[in-house]
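Asks: sharing a model prediction with you, sequence too.
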Amino acid sequence: MQKTVLIIGASHGGVTCAFALRKEGWTGKIVLLDADPELPYHRPPLSKTYLTDPEDADRKLLQTAESYGIADIDLRLGETVASINRRAKDVTLKTGEKITYDKLVLAVGARPLLPPLPGLSAHNNVFPMRSAADASDIRKALKDSENKQVVIIGGGYIGLETAASLHKAGAKVTVLERESRLLARVTTEVMSDFFQKLHSENGVDILTEKNVTAIENGQIKCADGSIYLADLVVVGVGIRVNVELAQAAGLNIENGIKVNAAAQTNDPDIYAVGDCTFHHNVHYDRFLRLESVQNAVDQAKVAAASICEKERVYDAIPWFWSDQYDVKLQIVGLSEGHTEAIVRTEADKVNCFSVWYFSGEKLLAVDAVNNGKAFVLGTKFIKGGQRIDKAKLANADEPFKPANLLKVSDT
Amino acid sequence: MKKITFITTDNETVTLEGSSGSVMELAVANNIKGIEGNCGGVCSCATCHVHVAPEFMKQVGKPGEIENDMLEFDDNVNEYSRLCCQINVADAPDGLVLKVAGEE
C-alpha cells in the first residue's frame, strides 16, 4: 500500500517540506493541511510591501496553485486538526474526518500573543499581524478610518515594520513600547538607537516605557496615566508556539516541540519544523527556538531528507532580514552572549554600517544595515571560524575585503 | 511568452515559458534545483544566484547596487552573476540561458 506523509501547517516550513519530499524522491502520498484558507504565501512581506501595495499580493505565493497538482501534493486548506493519535498513527480533523499517516510533520508555527488587556478583545479595531487576513483587515481598517490614527503596541520587528508600512500608506502612527528601548528582546542598543532615530526622522512617534493597561473607546491607556487615541490598534508583542497538539499527543515539549538534528521528535515517525521547534544549533552549542523563514525552510529540507532515509543534519547559521523605509537590515548569527560589539561604518556611504558581535575572538553575529557585503562576509567568517582583526574592522579607512580583515596567521 | 532555459548544477537542462513575475518565481514554480528564493524576491538572501550565458549578458544587464553587494563576496561569483529575483521575465531576452550558480 502507498505510504503517506501528512504535514500539518502549510506555511514556509510545511510547503518547503512537501516539495522537498518530491525532490528527495518520495513516491508515496503527501497530504498538506492548514487552517488558513488562503493559498500558502510568503509571510515576511505582510508587514512590509503587502500593507502598502495590495496589487502585489498574489505575487507572493510560496508556490503557484498548479505547482501542488504537478508535484502531486494534496493541499487541503481550511482544515483544522483536532488531535493526533500516535498509536493508531492518524490525526482527527475538526470535521471528525481521520487521516492516517506513516510519517507526520508538524509545521504548526505560532500564533500572535494577545495580552489580557481590558478592552482588547472587545475593541473592534485591534489586530494582530501574522496572517494574510490580518494584513488585509489592517489595510481595510485604515482605509475606512476617519483620522488614520494608528497605535502599534510593541516595538519589535513586526511592530516597526508595520509602523513604517502604515506610515507610507498614509497613517499617523504611534508605537508604544513597554521596555526602555526598541527591539530590546532581540538586539543591542546600537541598533535600537538607530531604529528609534530612523522612525522619528520619518515622522513615526516612538514612545518607550509605555505599558498599555487598557483600551477603551479608541483610547489606549498606559500605566503612567498617558492616553493615546487610535482608529485602529496593531498588537505586535510576540508569539505563542502552537504546542498544544504535540503536547496532547505526549511529545516532548520544552520551549517548543523538541527535535533532534534530523528534525525528529521523540516519536521517530513524527517530525517538527520551523517556529514551533526547540532545536540544537551546532554553531552556538545550545538549544533554541527561532522565529524565522530560514529556520523553517532549512529544517523542512532536513526533515524531508530524513523521511526519505537520507542522512542529513541541521547545521544552518540563522539569518534574518527586515525592511523599514529605505533601510534593509540583514542579520546573520545570534548575538546573544556577546562580550564585544564593533561598529563598522563605511567611509563613503550614508546609513550604511554593520555591527559585529564577538565573544572573545569568536564572531557570533553581524547586523548589516544597507550593507549586503557585511552580511555575506559575516556569514562566511562565522562559517569558516576565521579570526578577525578587530582594529582593522573598526577602521572605516581599512578596505572592506576578506583578506584585509582576517588576522594574518589565518590568511 | 518568453522561453528561459536553466542549466542546473547537475547539468540538467530545463526550458520554461513565462510572461510575468521574476525569473526566480518562474524557477521556484517549476522546482528548479538550486533556486530557492527564500526571501520572496527582495534581494536579501542570495538563494537565487545564476550565471547568465555570456551572449545574453548585455541584454540582461549588470546587477544593481544592493544586488552587487550580495554577490561580491559569494564563492561562486563571476562577471556573469545575477540574482534572478531581480530579473523580470517580461524584460528578459527570449531564449535566455541561465546556469544555476549552486550553493556554497
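Replies: Sure thing, it's come through.
Asks: can we go C-alpha only for contacts and neighbour counts from here?
Replies: Noted.
Asks: show me where chain B has strands.
Replies: For chain B, strands defined by DSSP state E occupy the ranges B:2-7, B:13-18, B:49-52, B:81-83, B:96-100.
Asks: equivalent analysis for the stretch 301-411 of chain A, please.
Replies: A:319-324, A:327-333, A:340-345, A:353-359, A:362-369 (DSSP state E, counting those that start in this stretch).
Asks: and among these, the most buried is which?
Replies: Counting by mean count of other Cα atoms under 10 Å in any protein chain shown, strand A:362-369 has the highest mean neighbour count of the strands of the stretch 301-411 of chain A, with a mean of 25.
Asks: which residues of the stretch 1-150 of chain A fall in strands?
Replies: Counting by DSSP E, counting those that start in this stretch, the strands of the stretch 1-150 of chain A are A:4-8, A:29-34, A:74-77, A:81-85, A:90-93, A:98-100, A:103-106, A:110-112, A:126-127, A:149-153.
Asks: for these, which one sits closest to chain B?
Replies: Ranking the strands of the stretch 1-150 of chain A by proximity to chain B (Cα to the nearest Cα) places strand A:74-77 first, at 15.4 Å.
Asks: mind listing the strands that closest one pairs with, and their directions?
Replies: Sheet pairing for strand A:74-77, assigned by DSSP bridges, gives strand A:29-34 (parallel).
Asks: give the residue spans of chain A that score low on pLDDT.
Replies: Applying pLDDT under 70 to chain A flags the ranges A:54-59, A:122-123, A:409-411.
Asks: show me the domain layout of it.
Replies: Domains of chain A are assigned by automatic domain parsing as A:4-111+A:240-307, A:126-235, A:326-410.
Asks: closest one to B:C39 among those?
Replies: domain A:4-111+A:240-307 (7.8 Å; Cα to Cα).
Asks: with distance to B:N31 and mean neighbour count as extra columns, can I get the strands of the stretch 1-150 of chain A in CSV?
Replies: Shown next, in CSV, are the strands of the stretch 1-150 of chain A (distance: least, Cα to Cα, whole Å; neighbours: other Cα atoms under 10 Å in any protein chain shown):
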stretch, distance to B:N31, mean neighbour count
strand A:4-8, 19, 24
strand A:29-34, 16, 22
strand A:74-77, 17, 17
strand A:81-85, 29, 18
strand A:90-93, 29, 18
strand A:98-100, 27, 16
strand A:103-106, 21, 25
strand A:110-112, 27, 17
strand A:126-127, 35, 22
strand A:149-153, 39, 25
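Asks: for A:K143, find the nearest of the ones you listed.
Replies: Of all the strands of the stretch 1-150 of chain A, strand A:149-153 sits nearest to A:K143, with 11.0 Å by Cα to Cα.
Asks: which strands and helices sit next to the closest one?
Replies: With contacts taken as 3 or more Cα pairs under 8 Å, 6 or more residues apart in numbering or on different chains; DSSP states H and E, strand A:149-153 sits against helix A:157-168, strand A:172-176, strand A:227-229, strand A:232-235.
Asks: of those, which is nearest A:L61?
Replies: Nearest to A:L61, of all these, is helix A:157-168, at 19.9 Å by Cα to Cα.
Asks: would JSON lines of the strands of the stretch 301-411 of chain A with distance to chain B be doable?
Replies: Listed next are the strands of the stretch 301-411 of chain A as JSON lines, based on distance: least, Cα to the nearest Cα, whole Å:
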{"stretch": "strand A:319-324", "distance to chain B": "7"}
{"stretch": "strand A:327-333", "distance to chain B": "7"}
{"stretch": "strand A:340-345", "distance to chain B": "15"}
{"stretch": "strand A:353-359", "distance to chain B": "13"}
{"stretch": "strand A:362-369", "distance to chain B": "11"}
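Asks: next, count neighbours for A:A374.
Replies: By other Cα atoms under 10 Å in any protein chain shown, 28 other residues sit near A:A374.
Asks: does it really touch A:W356, like I thought?
Replies: No. Contact between A:A374 and A:W356 fails when scored by Cα atoms under 8 Å: they sit 9.1 Å apart.
Asks: need the overlap of contacts for the two.
Replies: Residues within reach of A:A374 and of A:W356 at once, by Cα atoms under 8 Å, 6 or more residues apart in numbering or on different chains, are A:V366.
Asks: what parts of chain B come near chain A?
Replies: Contact residues (Cα under 8 Å from any Cα of the partner chain) of chain B with chain A: B:21, B:28-31, B:38-40, B:44, B:66-67, B:69-74.
Asks: need the contact list for the spatially most central residue of chain B.
Replies: Of all residues in chain B, the one closest to the mean position by Cα atoms, centre = their mean is B:C84, 3.0 Å from it. By Cα under 8 Å, 6+ apart, the residues touching B:C84 are B:S22, B:V23, B:M24, B:C48, B:H49, B:V50.
Asks: ok, so of the residues you listed, who is nearest A:T80?
Replies: Scanning these for proximity to A:T80, where the rule is Cα to Cα, the winner is B:M24, at 32.0 Å.
Asks: what sits against the closest residue to that closest one other than its chain neighbours?
Replies: Distances taken as Cα to Cα, 6 or more residues apart in numbering or on different chains place B:C85 nearest to B:M24, at 4.6 Å, with adjacent residues excluded. Neighbour list for B:C85: B:S22, B:V23, B:M24, B:E25, B:G37, B:G41, B:V42, B:C43, B:C48 [criterion: Cα under 8 Å, 6+ apart].
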